[in-house]
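Peer 1: Structure, please.
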Amino acid sequence: MSGFGAALARALPLPGAAPLLLYLSGDLGAGKTTLARGLLAQLGVGGPIRSPTYTLVEVHALPALSVVHADLYRLLDPEELEPLGLRELHAPGFLWIVEWPERAGDALPAPDLHLALAIEPSAHVVRCRAATGHGTRWFADAVELLRVSP
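Peer 2: Have a look, this model is predicted:
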C-alpha cells in the first residue's frame, strides 16, 4: 500500500480553487495508514509519520500545499467533527487524507477520490470511486505510474 500511496503523491493534481479530498475506507489492517504514510513521505513529510488515531487530525505544511491527515476511527458522533477545525481547512492549497470517513456520516464534504481497501486471500485490493474529474484523472495517473515503475 505504501507504493500505491507514493504513486498517488507523484500523480497528485496541482492544487486548484478547491481542496483535494482523498477518503480511505477499509477494515482494521487493510492498509489505510500505510497508504497515507507512503503518500505523505513521497510529498516530503520527514521523520516518522504517525497515524492521528488519538489526535484525530495532523496538518503537515509543505512548500506546495498543506496536507490534512485525519483518522476518524475514534469518532463517536459526527458532531465531534466541528471542534476539530476541519471547516477552516477546507480551502485551496489543501489536500485531505481521511481514514474512516464513514464515521463522520454526512458531515464531510464529498471526496474527489474514495478508496476502499481490503485484504483478500490472494492480495490487497483497492476499489476506487472517483466523484470528480480530478479524482478520476488522479487515480488513473497513479495506476499508470505503477504500471511503468520497475
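Peer 1: quick one: strands adjacent to the helix or strand His60 falls within?
Peer 2: Here His60 sits within strand 57-61, counting by DSSP states H and E. Partner strands and pairing direction for strand 57-61 (DSSP bridges) are strand 66-71 (antiparallel).
Peer 1: What lies in contact with the partner strand?
Peer 2: Defining contact as C-beta atoms under 8 Å, 6 or more residues apart in numbering, one finds that strand 66-71 is touched by 33, 36, 40, 43, 45, 51-53, 56-60, 84, 86, 89, 93-100. Bear in mind the C-beta positions are built from the backbone N, C-alpha and C, glycine included.
Peer 1: one step back: just the CA trace of the strand holding His60, in CSV.
Peer 2: Included here for strand 57-61 are C-alpha records, laid out as CSV according to Å, rounded to 0.1, in the frame of the first residue of the first chain:
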residue,chain,number,x,y,z
VAL,A,57,-6.1,15.4,12.9
GLU,A,58,-2.5,16.2,11.9
VAL,A,59,-1.7,19.1,9.5
HIS,A,60,1.6,18.9,7.5
ALA,A,61,2.6,22.2,5.9
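Peer 1: what sits against Pro101?
Peer 2: With C-beta under 8 Å, 6+ apart as the criterion, the residues that contact Pro101 are 23-25, 72, 108, 111, 114.
Peer 1: Could you list the low-pLDDT ranges of the chain?
Peer 2: Under the criterion of pLDDT under 70, the regions of the chain flagged as low confidence span 15, 17, 149-150.
Peer 1: What are the contacting residues of the strand holding His60?
Peer 2: Surrounding strand 57-61, the residues in contact under the criterion C-beta under 8 Å, 6+ apart are 40, 43, 45, 50, 52, 66-70, 84-86, 89.
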